[in-house]
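S.K.: Generate a structure from the sequence data that follows.
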Amino acid sequence: MNKRSFYLQRHESRLKRRIQAYDRQDANFVRWRLLTGALGGLLIWAGFDQLHALAGWSFVVVSAGALTILAIFHRRLRKGIARHRGWLRIKRIHRARLEMDWDLIPPANPIDVPPEHPFAQDLDIVGPSSLHRFLDNCLSDGGSHLLAQLLLQEKPHPQRILARQQLVKELREKPTFRDRLALEGWLIDSGMGRWTVSAFKSWLDDSPSQFVAGITLISWVLCLGNWGLLAIFLFWKGPPLWILSATIYVALQSYWQSQVETSFKMALKMERTISQVRGIFSFLESYEFESAPAVADLCAVFDDPESRPSNQIGKLQRWISALSVRGFPPAWLICNSLVPWDLLALSRLEEGRRQLRNSLVVWLDTCFRLEAMASLAAFADLNRDYAFPHFELANGNWLKARALAHPLIPPSERIANDFELSAPGQVVLITGSNMSGKSTFLRTVGVNARLAYAGAPVCAEALDLSVLRVWAVIRLDDSLSEGYSFFFREVQRLRALLDDLKAQSQPTVLYLIDEIFRGTNNRERLIGSRSYIRTLSRQPCMGIVTTHDLDLVELAKESDRVSNVHFREHIEEGRMKFDFKLHPGPCPTTNALEIMRMEGLPVDEL
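M.R.: Residues are numbered from 1 along each chain as shown. Below you'll find the model as predicted:
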C-alpha cells in the first residue's frame with residue numbers, strides 16, 4: 001500500500017467513526033421524539049380532562065414547540081449524516097481508482113459512439129473497463145458526457161488543449177473544492193445515480209399561456225373593484241354591485257383553476273431538483289478561487305450579484321411556495337378572497353421561468369465543464385508521478401516519450417518504454433511473438449495521446465507531442481447479422497483510414513494498426529501488407545504497424561521512413577517469459593510452435 005492509499009484509508013476510518021456516532025445520535029432523536037410525543041399527548045389529555053381548558057391548550061403549545069425543535073435538530077443531524085456518507089463514498093472511490101479496484105469504481109455511464117469512430121472501440125475509451133469509466137468522477141450526466149466527448153474528440157484544437165491543461169493543473173491543487181463539487185452532485189440524488197436536469201430544462205422550456213399576465217391584470221382590477229364597491233355599500237349605503245363583481249371575480253378564478261393546478265403539480269415535481277441545483281450553484285458562487293485564475297475565469301458567470309443563479313432560483317422557489325398554499329384550503333380560500341393569489345403566483349412563476357431559461361444553459365455548461373476537468377484533475381492528483389505533456393503547436397509532427405506505459409495497468413505490472421515518431425511518413429514496424437505486448441503497446445500510445453489532448457497528464461516520465469489525429473485498427477469483430485467477415489471488416493477500416501488521409505490534411509494522422517491483414521492467407525497478407533505500408537509511408541501521417549510476418553521487415557531496406565523494433569521472449573524453467581520491452585531491429589525469434597509444444601499439442605519437425 002502506497003502513502004496516498006494509506007492516507008485515504010485513514011480518512012475513511014475517521015469518517016466511519018463519525019457516521020457511527022451520528023447514527024447513535026439519530027437513534028436517540030427517534031426515541032426522544034417518540035417519548036416527547038407520548039408525554040405531550042398524556043399532558044394534553046390530563047390538562048383538558050383533569051385541569052382547565054387553558055392548561056390543556058398550554059400543553060398543546062408546549063408539546064408542539066418541543067416536537068418542532070426536536071424535528072429541526074433531527075433534520076440537521078440527518079443532513080450531516082448524508083453529507084458524511086457522501087464524503088465516505090468519494091474517498092472510497094478515490095482509493096479504488098488509485099488501487100485499480102474495478103469492483104468499487106462506479107459503473108460506466110452508457111455513451112453512444114458510432115461504429116465507424118476512428119479509435120473509440122480499439123482503445124477502450126468508453127465501456128465497462130474503459131478509460132472513461134476509470135476517470136469519470138462526474139455526478140451529473142452532462143459532465144460525464146462532456147468528459148467522454150473530450151476523450152473521443154477526433155480533431156483536437158491546440159489552444160483548447162492548452163486551456164484544459166491549465167484548468168486541470170489548477171484544479172489538481174484544490175482537492176477540497178473537487179470533493180465538495182462531487183458531494184453537492186451526490187446529494188442531488190442521494191447517491192442513487194447521476195443527476196440530470198433534462199426534465200427541469202423541459203419544464204423551463206414549456207411555453208406558458210400567453211393569457212396569464214392579462215388575466216392576472218383583469219383579476220387585480222376586479223379584486224380592487226370588489227373592495228371599492230363593498231366599501232361603498234357598507235359605508236355610503238350604495239347599491240350592492242359588489243355581488244356582481246365578486247361573482248365575475250370568482251368565476252374567473254374558478255375558470256383558471258385547472259391551469260393553476262397543472263402548473264402547481266409540475267412545479268412541485270421540479271422543487272427538489274431546483275433546490276439541489278441551487279445548492280451546487282450557491283457553492284460555486286461563494287468559493288474563492290485563490291491562485292487559480294483559469295478556474296476563476298471559468299466560474300465568472302456565477303459572480304454577477306444581479307444575476308446570480310441562487311437569487312434567480314430562489315425567486316422561483318418562493319413563488320412555488322406561494323402556490324403551495326393550495327394544500328391548506330382555509331388559508332387558500334382567505335388568500336384568494338383578498339387578492340388573486342393563485343394567478344399572481346402563477347404569473348410570477350412564469351416570469352421566473354422565462355428569466356431562468358436564458359441563463360440556465362450557461363450555468364449548467366460551466367458546471368459540467370468543471371466536473372469534467374475535476375475528474376481529470378483527480379486523476380492527476382492521484383498520480384503525481386505522471387507528467388503533463390509538452391505540446392509543440394508550431395510546424396512539426398512528432399511524438400517523443402520517455403518511460404511511456406499504459407495507465408490502466410496496475411503499477412506493479414506496468415512496463416514502461418521509450419518511443420519516438422519524428423516525421424510524416426514514418427512507419428514503425430513492431431514484430432514479436434504472441435503475447436509479447438504488441439497490442440498493449442499500441443493502446444499505450446493511443447490512450448496516452450487521448451489523455452494528453454483531453455488536458456490530463458500521461459503515464460510517462462515525459463511526453464513531447466504535436467497535435468495529431470488518432471486512428472486505430474486494433475479490435476475488429478465479425479458481424480454475423482450483416483454477414484461480414486473479420487477480414488472484410490479490417491479492409492473497410494483500413495480503407496476508411498486512407499479515405500480520411502485524402503479528405504483532411506490537418507492535423508497529421510497518428511495511426512495504430514495491429515496485425516495487419518491477419519484475416520487472410522500468408523501470401524495475400526504479405527502482398528497486401530507491403531502495398532499498404534508503402535502507401536502509408538508516402539502519406540502525411542505516421543504511426544505503428546504490428547505484424548507476425550517477418551518478411552515485412554525487409555521494407556526498412558527500401559525506405560528510410562520504415563524502421564523495425566520488436567518485443568522478445570525467452571524460455572525459463574519450461575515457461576515462456578516476456579520482458580515487454582521494446583528492442584531495436586526485427587524480432588529474431590518466434591514462439592508459436594513452442595507454445596503448442598508446451599500446451600501438449602503435436603508438432604512435427606520440418
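
S.K.: How many residues are close by the nearest residue in space to V565 that is not next to it in sequence?
M.R.: Nearest residue to V565, sequence neighbours excluded (C-beta to C-beta, 6 or more residues apart in numbering): L582, at 5.1 Å. Quick note: C-beta positions are derived from backbone N, CA and C, even for glycine. Close neighbours of L582, defined as other C-beta atoms under 10 Å, add up to 20.

S.K.: Tell me the secondary structure of G543, please.
M.R.: strand (DSSP: H, G, I helix; E, B strand; the rest coil).

S.K.: Let me see the ranges of the helices in the stretch 351-500 of the chain.
M.R.: With DSSP state H, counting those that start in this stretch, the ranges of helices along the stretch 351-500 of the chain come out as 438-454, 486-503.

S.K.: Just the mean pLDDT for the shortest one, thanks.
M.R.: Averaging pLDDT along helix 438-454 yields 95.

S.K.: what's the helix or strand for F283?
M.R.: If you go by DSSP states H and E, F283 is part of helix 257-286.

S.K.: Which secondary structure elements does that helix sit against?
M.R.: helix 175-188, helix 198-205, helix 309-323, helix 341-382 (3 or more C-beta pairs under 8 Å, 6 or more residues apart in numbering; DSSP states H and E).

S.K.: Show the contacting residues for the residue lying closest to L230 once chain neighbours are set aside.
M.R.: Using C-beta to C-beta, 6+ apart and skipping residues adjacent in sequence, the residue nearest L230 is W242, 4.2 Å away. Residues in contact with W242 (C-beta atoms under 8 Å, 6 or more residues apart in numbering) are N226, L229, L230, I232, F233.

S.K.: didn't the fourth one look like it was pressed against G238?
M.R.: Yes - judged on C-beta atoms under 8 Å, I232 makes contact with G238 at a distance of 3.8 Å.

S.K.: For R443, which non-adjacent residue is spatially closest?
M.R.: L123 (5.6 Å).

S.K.: Over to the one you found. Which of the three states is it?
M.R.: coil.

S.K.: isn't it right next to T444, touching?
M.R.: No - with contact defined as C-beta under 8 Å, L123 does not count as touching T444 (9.7 Å).

S.K.: For the residue nearest to L497 when sequence neighbours are not counted, give its distance to F119.
M.R.: Closest residue to L497 apart from its sequence neighbours, by C-beta to C-beta, 6+ apart: W471 at 5.2 Å. Using C-beta to C-beta, to the nearest Å, W471 is found at 6 Å from F119.

S.K.: and if you look at G519?
M.R.: 20 Å.

S.K.: Check E413 too.
M.R.: 24 Å.

S.K.: more crowded one of these two?
M.R.: F119 (26 against 10).

S.K.: Shouldn't that one be within a strand?
M.R.: No - counting by three-state DSSP, F119 is located in no strand; its state is coil.

S.K.: Surely it touches V470?
M.R.: Yes - here F119 lies in contact with V470, judged by C-beta under 8 Å, at a distance of 4.9 Å.

S.K.: who touches both of the two?
M.R.: In contact with both F119 and V470: G446, R450, L512, using C-beta under 8 Å, 6+ apart.

S.K.: so who does the second one touch?
M.R.: Read it as R450. F119, L123, I125, L131, L151, V470.

S.K.: Tell me the one of the residues you listed nearest C541?
M.R.: V470 (10.9 Å; C-beta to C-beta).

S.K.: how close does the residue nearest to V565 get to D560?
M.R.: 19 Å.

S.K.: Could you do L39 as well?
M.R.: For L39, the distance to D560 - C-beta to C-beta - is 94 Å.

S.K.: Need phi/psi at the spatially most distant residue from the centre of the chain.
M.R.: Relative to the C-alpha centroid of the chain, counting by C-alpha atoms, centre = their mean, K237 is the outermost residue, at 70.5 Å. Dihedral pair for K237: phi 60, psi 40, per degrees, to the nearest 10.

S.K.: which stretches of the stretch 501-606 of the chain have low pLDDT?
M.R.: Along the stretch 501-606 of the chain, the parts satisfying pLDDT under 70 run over 504-505, 573-574, 589-596, 598-600, 604-606.

S.K.: all strands of it, in order?
M.R.: All strands of the stretch 501-606 of the chain, identified by DSSP state E, counting those that start in this stretch, fall at 508-513, 541-547, 562-566, 569-572, 575-578, 583-584.

S.K.: Ok, which of those comes nearest I274?
M.R.: strand 508-513 (46.0 Å).

S.K.: can you state the direction angle for that closest one and helix 486-503?
M.R.: 170 degrees (axes from the mean of the first three to the mean of the last three C-alpha atoms, to 10 degrees).

S.K.: Relative to strand 508-513, what are the paired strands and their orientations?
M.R.: strand 468-473 (parallel), strand 541-547 (parallel) (DSSP bridges).

S.K.: Let's have those strands in CSV, adding distance to N358 and mean neighbour count.
M.R.: Compiled in CSV, these are given as follows (distance: least, C-beta to C-beta, whole Å; neighbours: other C-beta atoms under 10 Å):
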stretch, distance to N358, mean neighbour count
strand 468-473, 37, 24
strand 541-547, 45, 24
